[in-house]
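Engineer: This is the structure alone, sequence omitted:
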């Protein structure tokens with residue numbers, strides 16, 4: 001067969017799978033082992049472009065884009081959302097992690113920071129109360145999973161951050177943000193978080209490991225209620241859990257506001273959250289609060305909406321750097337937000353047609369320029385790069401994108 005024919009066949013196989021266009025991964029370039037702060041989410045997905053799993057496919061795109069931050073889901077519904085095949089129903093988080101090789105494949109990649117949504121696979125419904133036997137099962141589930149991660153990734157340089165999805169929704173019936181959470185839900189969630197945190201702290205003390213870190217975060221999403229004196233996680237639960245970090249799903253604070261209004265609102269929220277926390281030593285971040293989710297909709301029928309989306313996304317990136325947050329994670333690599341009529345809300349970095357969106361290129365250019373800066377700095381200086389210098393340069397880079 002002639003070389004030209006072979007090339008044509010290879011291209012054809014590469015560009016068509018099950019009637020869909022294949023989206024090649026960008027080249028994976030070596031990344032400096034530094035916290036680039038800005039990342040994205042890879043939670044589930046409604047589409048894919050290769051024969052690999054949705055989980056691995058998205059992870060490869062995140063890494064090819066230039067990020068060393070990965071965020072995935074390891075919950076009861078994650079196998080379905082990632083279209084993974086699980087032959088035997090797991091009863092713990094560790095069993096789920098080992099039930100499909102795809103989870104370990106993505107965690108084994110050279111991501112420095114790995115965020116994992118972890119609730120429970122035990123079937124225990126903490127809202128109904130937690131008896132002593134259930135408490136032990138929940139404790140053992142988290143202890144065993146953390147111990148596994150610390151031993152498996154010993155001396156890997158990785159930092160794991162384990163926590164929940166938008167916790168205030170878990171407290172409320174029917175996602176009614178105006179409702180007051182039942183008192184028993186507050187009490188039971190407090191106990192659930194306390195069990196998780198103790199299991200993590202105990203596992204870290206009991207496990208001989210080095211050059212691998214692991215922290216527990218609680219994610220909140222209705223902080224403004226607490227700031228008005230209403231019950232929510234921030235006001236009613238955080239003061240009673242010695243948690244490591246707090247993730248903020250930030251949509252309530254960033255919609256329909258100017259740059260200065262968003263910055264002022266976020267600054268007030270993060271200052272409030274920090275005041276709710278118990279003191280805790282041994283944490284590597286200058287702040288214990290960060291943005292776990294942010295993002296803006298666009299409409300394919302309105303091209304101008306993508307310009308607005310781009311500008312507002314860049315604003316949150318800049319505000320996160322200005323507020324000295326350890327992380328800000330965009331929602332997300334593949335879109336999974338749709339209108340009731342099925343129309344995409346266009347929140348993805350790679351859309352349903354396999355197109356790399358302007359937001360993808362925004363992140364990619366940021367990573368490449370900051371990585372180049374880190375390499376040049378290391379070659380020219382004997383001292384380690386300070387966080388202040390990194391953030392100043394990152395802001396300069398974003399201003400030029």
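Structural biologist: Perfect, I can see it now. The structure displayed is predicted, hence computed values, not measured ones.

Engineer: From start to finish, how long is stretch 142-162 in a straight line?
Structural biologist: Criterion C-alpha to C-alpha, to the nearest Å; first-to-last residue distance in stretch 142-162 is 10 Å.

Engineer: Mind listing what's buried along that stretch?
Structural biologist: Buried residues in stretch 142-162, counting neighbours by 16 or more other C-beta atoms under 10 Å, are found at 142-150, 153, 156, 158-162. Quick note: C-beta positions are derived from backbone N, CA and C, even for glycine.

Engineer: Also stretch 179-194?
Structural biologist: 181, 185-186, 188-194.

Engineer: what do you get for stretch 277-288?
Structural biologist: By 16+ other C-beta under 10 Å, the buried positions in stretch 277-288 come out as 277, 285, 287-288.

Engineer: Need the residues that contact it.
Structural biologist: Stretch 277-288 has contacts (C-beta atoms under 8 Å, 6 or more residues apart in numbering) with 159, 213, 215, 238-239, 241-246, 270, 274, 323-326, 387.

Engineer: Pull out the buried members of those residues.
Structural biologist: Using 16+ other C-beta under 10 Å, the buried members of these are 159, 213, 215, 238, 241-246, 270, 323, 325-326.

Engineer: can you redo these as a markdown table with secondary structure and pLDDT?
Structural biologist: As requested, the buried ones among the contacts of stretch 277-288 are exported to a markdown table (DSSP: H, G, I helix; E, B strand; the rest coil; pLDDT from 0 to 100):
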| residue | secondary structure | pLDDT |
| --- | --- | --- |
| 159 | strand | 98 |
| 213 | strand | 98 |
| 215 | strand | 98 |
| 238 | helix | 98 |
| 241 | coil | 98 |
| 242 | coil | 97 |
| 243 | coil | 98 |
| 244 | coil | 98 |
| 245 | strand | 98 |
| 246 | strand | 98 |
| 270 | helix | 98 |
| 323 | coil | 98 |
| 325 | coil | 98 |
| 326 | coil | 98 |
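
Engineer: just those now: which is nearest residue 348?
Structural biologist: Residue 348 lies nearest to residue 325 out of those, by C-beta to C-beta, at 23.0 Å.

Engineer: hang on, the closest one packs against residue 289?
Structural biologist: Yes - contact criterion C-beta atoms under 8 Å: residue 325 and residue 289 qualify, at 6.8 Å.

Engineer: Return every residue with contacts to both of those two.
Structural biologist: Shared contacts of residue 325 and residue 289, defined by C-beta under 8 Å, 6+ apart, comprise residue 270.

Engineer: related to what we said a few turns ago, which members of the buried residues of stretch 142-162 occur in helices, if any?
Structural biologist: 142-150 (DSSP state H).

Engineer: Just put these in TSV and tack on pLDDT and distance to residue 23.
Structural biologist: Formatted as TSV, these follow (pLDDT from 0 to 100; distance: C-beta to C-beta, whole Å):
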residue	pLDDT	distance to residue 23
142	98	36
143	98	40
144	98	37
145	98	32
146	98	35
147	98	37
148	98	33
149	98	30
150	98	35
